[in-house]
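Participant: Got a sequence here, can you model it:
(one chain, ligands or ions: 1)
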Amino acid sequence: MAIEVRDVNKSFGTTPVLRDVSIDVESGSLTALLGPSGGGKSTLLRVIAGLEQPDTGTVHISGVDATRLSPQRRNVGFVFQHYAAFKHLTVFRNVAFGLEIRKRPKADIRKRVMELLELVHLEQMADRYPAQLSGGQRQRMALARALAVEPEVLLLDEPFGALDAQVRKELRTWLRRLHDEVHVTTVFVTHDQEEAIEVADTIVVLAGGRVEQVGSPAEVYDNPANPFVMRFLGPVTEIGGNLVRPHDIEISADPQEGGTAATVSRIVRLGFEVRVELRIDGKDAWVQVTRSFADQLGLKPGDTVSVRPNPGARSLALAAV
Ligand SMILES: Nc1ncnc2c1ncn2[C@@H]1O[C@H](COP(=O)(O)OP(=O)(O)OP(=O)(O)O)[C@@H](O)[C@H]1O
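Facilitator: Residues are numbered from 1 along each chain as shown. Prediction:
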C-alpha cells in the first residue's frame, strides 16, 4: 500500500473537518477524492502531504509512519489549482529547480528535464517564461516539476480547477495517459464527478468530513452505498419511493406490470437524449430516453404513461434510510 490513512480526525477550532477517516491508496493507482465543497477533500490531501497535522490518527507512506514527518521528508510532489511558478525562471529552470537544489550533475538535470518536458508535451516551450504559457500549459509544467524529483506519491489539489471547461477535459484525458506511462501513485482532489469517473481507478467519496464510500468508478456509480452517493455521482429521480437513475426507467404508453402511472409535463430535447418530465402523485420525476425511442413513443404533454425501473436497475429505497 502506498498510502494508509488510519482513523484521522481533524478540527479547525471547534469545527470537525475530518472524522475517523481511514483510506488505503494502492501503489501505482490513480485515486480521486471526490465530494462537495467543504467536505474535507483538501484537508485530507494536506494531511497526507504533511501540510496539516491530524489531531488523532496516522498516515503511513510506503510503509513508513509519516504522521510526524515534515512535507520535505515525505517524498511527495504536489500541484495546486493556482500553481506558483517562478516567474523570472524559464520553463526549463522551473522544472529543473528541485534537481538543482539537490545539486545533481548538470548533464543529468538537462537529460531529466528534457524527458519530463517531452512527457508533458512542452519540449518546444523550454525557453519560455511562465507568463508566456496558457493556463493548461502552466499546469502541465507544474506536473513536470512535481515529477522531477521522483516523488513516491503525487498529490493534486483540483489541478485543473481554474481552467475553462474545454481545456479541463483535454487535461483529464492527458492526466490519465500520463499516469499510464509513469505509474506514480497519484491522489487528486475534485468536486466534479465526471472528472473522477473518467480519470480515476478508485474514487473516495468524502462528505461532511466522512468517507461515504470507496470503490471503482463503476462500483460507486452502479452500487452507491447510500442516497447521498447516488445523488452525488449522477442524475437521479424518485419513483414509487425509490431513488433511480433516469436512464434506468422503462416508460410505456400502456400500463405495465409493477408500473406507476405518471403524467407527462414537458419533453426536453437535448441532442441525442430526450428528457421526459413527469408528475407522479403531485411530485416531479423524469426519465431519460434516446431521441429515436421518444419519437417512437410520440409523447406529448398531458399524456398518461406508465413508468417502472428496468429489471437490472439499481434503486435505493428512500423510506429505509
Ligand atoms: N486552515 C483552516 N482554518 C479553518 N478552517 C478551515 C481551514 N481549512 C479548511 N477549513 C474548513 O474546513 C472545511 C473543509 O475544507 P476543505 O478545503 O478540506 O474542503 P474541500 O472538500 O476541499 O472543499 P473545497 O472543494 O471547497 O476546497 C471547510 O468548512 C473549511 O472552511
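Participant: What helix or strand is residue 24 located in?
Facilitator: strand 15-25 (DSSP states H and E).
Participant: is the ligand contacted by the next helix or strand after that strand?
Facilitator: Later in the chain than strand 15-25, the nearest helix or strand by DSSP H and E is strand 30-34. No: judged by CB under 6 Å from any ligand atom, strand 30-34 and the ligand are separated, with a smallest distance of 7.9 Å. Where you see a C-beta, it was placed from the backbone N, CA and C, and this is true even at glycine.
Participant: and whichever helix or strand comes after strand 30-34 with the ligand, contact?
Facilitator: Downstream of strand 30-34, the next assigned helix or strand under DSSP H and E is helix 41-49. Yes: Helix 41-49 lies within reach of the ligand by CB under 6 Å from any ligand atom, at 41, 42, 43.
Participant: Over to stretch 151-162?
Facilitator: No: contact of stretch 151-162 with the ligand (CB under 6 Å from any ligand atom) is absent, the minimum separation being 6.9 Å.
Participant: got the CA coordinates for that stretch in CSV?
Facilitator: Only the C-alpha atoms of stretch 151-162 are listed here, as CSV (Å, rounded to 0.1, in the frame of the first residue of the first chain):
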residue,chain,number,x,y,z
PRO,A,151,8.2,11.5,-5.6
GLU,A,152,6.7,8.3,-4.3
VAL,A,153,3.3,10.0,-4.3
LEU,A,154,1.9,12.8,-6.4
LEU,A,155,-0.9,14.9,-4.7
LEU,A,156,-3.0,17.1,-6.9
ASP,A,157,-5.5,19.6,-5.5
GLU,A,158,-8.0,20.5,-8.2
PRO,A,159,-5.1,20.9,-10.6
PHE,A,160,-7.4,21.9,-13.5
GLY,A,161,-10.0,23.7,-11.4
ALA,A,162,-9.1,27.2,-12.6
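Participant: How about it, which residues are buried there?
Facilitator: Across stretch 151-162, burial judged by 16 or more other CB atoms under 10 Å covers 151, 152, 153, 154, 155, 156, 157, 158, 159, 160, 161.
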